[in-house]
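Novice: Need coordinates for the following:
(2 chains)
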Amino acid sequence: MYPIEVTINGKKYKHEVEARLLLVHYIREKARLTGTHVGCDTGNCGACTVLYHGKPIKSCLMLAVQANGAELATIEGMATKSGLHPIQESFLDKFGFQCGYCTPGMILGAKALLEKSPDPSEEEIREALEGNLCMCTGYQQIIDSIRDAAEKSQKSEKKTPAGAQSK
Amino acid sequence: MMKLDEIFATRNWVGKPIRRDADIRFVKGEGEYVDDLPIECSHVAILRSVYAHARILKVDTSKAEAMPGVLAVITGDEVAKVTKPVPARAITKPAVQYVMATGKVRYVGEPVAAVVAQDRYLAEDALEQIEVEYEPLPPVVEIQDALNPDSPLLFEEAGSNILMQDTLQHGDVEKAFREADLTIRESFKMHRYSSTPLENWVIIAQYDRPSDSYTVWANDQQHGRSILNICTMMGIPNSHFRLIIPDAGGGFGIKLALWPYIVFLCLLAKKVDGPIKWVQTRREHLLAGTHAPECEVEVEFALRKDGKILGLKFKDIDNDGSFVHTAGIYGMIKFATLVGSYAIRATEAEMISVVTNKGPTVQNRGVGKPTMIFVLERMIDIAAKQLGIDPIEMRQRNFVQPAQMPYTTPSGEIYESGDYPECLRRALQLMGYDDFKKKQEEWRKQGRHVGIGISASIEPGTSNLGYYYTARGTPEYMGNAEGAIVGIDYDGNPSVMIGSVDEGQGHATTVSQVVADMLAIHPDLVTVRTHLDSLISPFLGHSGCYSNRFNDVDLGAVIMATKKIRDKMLRIAAHALEAKPEELKLKDGQICSSVDPSRTIPFKEIAALAYKKVLLLPEGEEPGLKEIAYYKSTMAKLPSKTDFNVQITHSNSVHVAAVEVDVETGLVKFLKYVIVHDCGNQLNPGIVEGMVIGSTVHGIGAVLLEEFIYNEDGQLVTTSFMDYMKPVAAGLPHFESGHMVSPCPYTLLGTKSVGEGGAIGSLAAVGNAVEDALTPFGVRVKTLPITPEKVVRAVEETKVI
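Specialist: Down below sits the predicted model:
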């Protein structure tokens, strides 16, 4: 057993884990954050996507011990007390989910994309989502949701006076 | 049948794209899938056969049982001793199969034993310590192997690997073929694939010793039948089995077949203290989690010179693998679309189901109808070419016309409404078809291979479950029906419970829209419980999420129960307000008099009368405000071989795809894709749009990418998403859709089916487009999927995909 310490959504977690425990199982079973899902076990579907130091990774392809000391973000950290994250709002507005199983991975993937490229084209979004499978929507309404989130954030940035901190 | 004006008090919500706030948990990561439930479990791992066909000589579990952390082990022999065999529905030969292999294994991945341990990692370790001695038998893998009388038998008691064979004639087939100017005959092969929900199967089972009963949490998709099967097979009273179904991560039919696993998980749960959990891995899902069967089809058209199709002969052989419960149904269900959108008046269909040492098959999205429409729409193009008629004209000359509605097909299917010719016209217009055709010529000169394919299809909904048994003649299920409970809570707000489940279609939102408009309130005030608990949910043998039945029977039950509660509220209000019931109306959570607006009573007060101040109720009125209603689909016939309807509602659509084929790499690229569909009245267009596009992508995966490939030993070689390829966002077209509305006269809300349409219609659109693109090479599309490898080989050598 190995001691590990990770920060998930700003909260510290400490556990003793077996070397073979996958990070996704750690997040789901030890940290009890079940919004991160398992869909394929082979890194193809992206249902287990989390942000690792801000970058999207497949948590089924990493051991929990490898994440020792890491800063992770999961879907549970997206909404704040004041409400849903704008990307979550857009997924509701544009019907960007059906069964919801891929949704956490899609939303985290979208967050990482929009941070890197705030106004992505449809093609850019399609490329960025290549590692996330959705079996329900055919992706179109997910892409609409991400475009919607980008457009709304572009608009709100234009409204923000120069020099002011936009969040 | 009630009119819409009688059903709705307001028209504020139904028909609008209301956000799925009822399911807000999904965007927050708070979905409650079975594996997420906070139930401390020990864990199950399943030992699966490594052979396609073998006798089991010995299973020694002693080493595994002795391992620290292992709590219990079960084997197939033990399961067979205490359970009944799996019931068959469509096949006509005897075939004895248990939920775990006993005596012999019939496919790679068949469960042979299972272990419960403190965690999954330990359970997997324990599987390695189980020693199984096999005597390999020659495998029966492909359809032709199964048809060969010298092949070994999967089920000796059946005396054949053909478990169902039936030929049904409707109309004067002999005359049609005698009077034909010409006949054309083709054969096609459809491959084995699956819509693979992103959430695999998960089951938690708990045994309660004092009451000798079981509680199971599972993502089962057709629980009505599952519960009955499980209780019968285990020999336990219904009251000793409770099934709870929370959120499910997609179904697409593939979760109709997890109930056999519930049986042996219950047996295992009885051996240990506390709940046990099995989470299917993706490899297990692809290997043994059920597929759509591959099939070989022969089809013959009797044609007049002017393009009119006089008759159709169809022969269908399905490789149903090794699950006797559902074997045979893929043939029978094809009758729902046997003539597609066309007024063909004479049909002969021979349906054959064979068993092989491939994995189990079950009703995958569209169930056989993707094949039927693929074959018909390919045939239309082939016939058009042969007759020198434009493929569009060919379709227009054969369509069932709007004036013929409701139209009964030769076998008895009733197409209730729709304008198929107009649907095609609109799709072509949206495509800019004429323009594309002109450009196609120029592109060809430039060496670009662009093709356009059309597919006109029918999307049936609401199964008349009697059809399964048409060949057997003794139906155990008939028609289709659902139950619902609607109550007004103490606070005056309604809550709804349905006997069915949601696989991700947003039922809660749609139900809240309907109830809101029936009671003249805001949908946010309506609580809809989509999780099923068999202890309290009003389920029936038909209950489940399948065959696009929600809009018909689920909502039918909700409407009837809401109507009952509304009538009761009106009676109580009339008494309280001393008004006549007919002068009352519902408005903003109140019932008020239209004669004297000062006389109003809020729902909350009506609830108080019903629940608390019961002495003030009208004479003879029962206390309480909760009603249950069951609703049965109105048009299901008793099945007979001469006249039967497989499904009750029939949406229609036209898909038009423009593709460019790279003949060097074999890749098919979409240039444009349009869908015009008619599902009757739409209740929530945002949800409908997702269903239409999502199902189309299922079809595109099937037509271009996905295939379960077995080698000659019966080993599946595509066991992960690395080799079983699913569509990703990149490479798909941006779909353009158009809608028509031909309300269904036989459903309460005028709705038809939505959810499977694209999975049915898209295959032929893409197949026809690829063949059109490769016309200069004389390549013909006769098998699916259209993989790059097959395209290149066809262009260079074989001329056939």
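
Novice: can you give me the strands in chain A?
Specialist: A:2-8, A:11-17, A:49-52, A:55-58, A:71-73 (DSSP state E).

Novice: What of the stretch 651-800 of chain B?
Specialist: Secondary structure of the stretch 651-800 of chain B, counting by DSSP state E, counting those that start in this stretch: strands at B:668-678, B:736-740.

Novice: name the element the nearest residue to residue B:180 once chain neighbours are set aside belongs to?
Specialist: Among residues not flanking residue B:180 along the chain, residue B:302 sits closest, at 3.6 Å (C-beta to C-beta, 6 or more residues apart in numbering or on different chains). Quick note: C-beta positions are derived from backbone N, CA and C, even for glycine. Per DSSP states H and E, residue B:302 falls inside strand B:294-303.

Novice: What's the mean pLDDT across that strand?
Specialist: In this model, strand B:294-303 carries a mean pLDDT of 98.

Novice: Give the buried residues for that strand.
Specialist: B:294, B:295, B:296, B:297, B:299, B:300, B:301, B:302, B:303 (16 or more other C-beta atoms under 10 Å in any protein chain shown).

Novice: ok, the residues you listed vs chain A, which is closest?
Specialist: The nearest member of the buried residues of strand B:294-303 to chain A, counting by C-beta to the nearest C-beta, is residue B:294 at 20.7 Å.

Novice: For the residue of chain A found nearest chain B, which non-adjacent residue is spatially closest?
Specialist: Residue of chain A nearest chain B, by C-beta to the nearest C-beta: residue A:35 (2.1 Å). Nearest non-adjacent residue to residue A:35, counting by C-beta to C-beta, 6+ apart: residue B:29, 2.1 Å away.

Novice: Ok, residue B:634 next?
Specialist: In space, residue B:634 is closest to residue B:746, 5.2 Å off (C-beta to C-beta, 6+ apart).

Novice: quick revisit: would you list the strands of chain A in CSV and tack on distance to residue B:389, mean pLDDT and mean neighbour count?
Specialist: Putting the strands of chain A into CSV (distance: least, C-beta to C-beta, whole Å; pLDDT from 0 to 100; neighbours: other C-beta atoms under 10 Å in any protein chain shown) gives the following:
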stretch, distance to residue B:389, mean pLDDT, mean neighbour count
strand A:2-8, 65, 98, 16
strand A:11-17, 69, 98, 13
strand A:49-52, 52, 98, 24
strand A:55-58, 53, 97, 18
strand A:71-73, 60, 98, 20
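
Novice: mind listing the helices for chain A?
Specialist: A:23-25, A:86-93, A:103-116, A:122-128, A:140-159 (DSSP state H).

Novice: Make CSV out of those helices and add distance to residue B:400.
Specialist: Below are these laid out as CSV (distance: least, C-beta to C-beta, whole Å):
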stretch, distance to residue B:400
helix A:23-25, 52
helix A:86-93, 39
helix A:103-116, 40
helix A:122-128, 38
helix A:140-159, 31
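
Novice: Can you flag the weakest of these by average pLDDT?
Specialist: helix A:140-159 (a mean of 92).

Novice: does the residue nearest to residue B:634 really touch residue B:417, like I thought?
Specialist: No: in this structure, residue B:746 is not within contact of residue B:417 by C-beta atoms under 8 Å, at 9.0 Å.

Novice: Domain ranges for chain A, per the record?
Specialist: Here the domain parsing of chain A from automatic domain parsing is A:2-77, A:86-157.

Novice: Right, and chain A sits closest to which residue of the stretch 151-300 of chain B?
Specialist: residue B:249 (3.1 Å).

Novice: Can you report how many residues neighbour that residue?
Specialist: By other C-beta atoms under 10 Å in any protein chain shown, the residues close to residue B:249 number 29.

Novice: Against residue B:226, how distant is it?
Specialist: Using C-beta to C-beta, to the nearest Å, one gets 18 Å for the distance from residue B:249 to residue B:226.

Novice: what ranges do the strands span in the stretch 201-350 of chain B?
Specialist: So, for the stretch 201-350 of chain B - with DSSP E, counting those that start in this stretch - the strands run B:202-208, B:213-218, B:241-245, B:276-279, B:294-303, B:309-319, B:347-354.

Novice: partners of the third one in the sheet?
Specialist: Here strand B:241-245 has these sheet partners by DSSP bridges: strand B:213-218 (parallel), strand B:532-533 (antiparallel).

Novice: Return the most buried member of those strands.
Specialist: Compared across these, strand B:213-218 shows the largest average neighbour count, a mean of 23 (mean count of other C-beta atoms under 10 Å in any protein chain shown).

Novice: pLDDT averaged over it, what's the number?
Specialist: Per-residue scores along strand B:213-218 average to 98.

Novice: which outside residues touch it?
Specialist: B:34, B:37, B:39, B:201-208, B:236, B:239-246, B:258, B:262, B:265-266, B:269-270 (C-beta atoms under 8 Å, 6 or more residues apart in numbering or on different chains).
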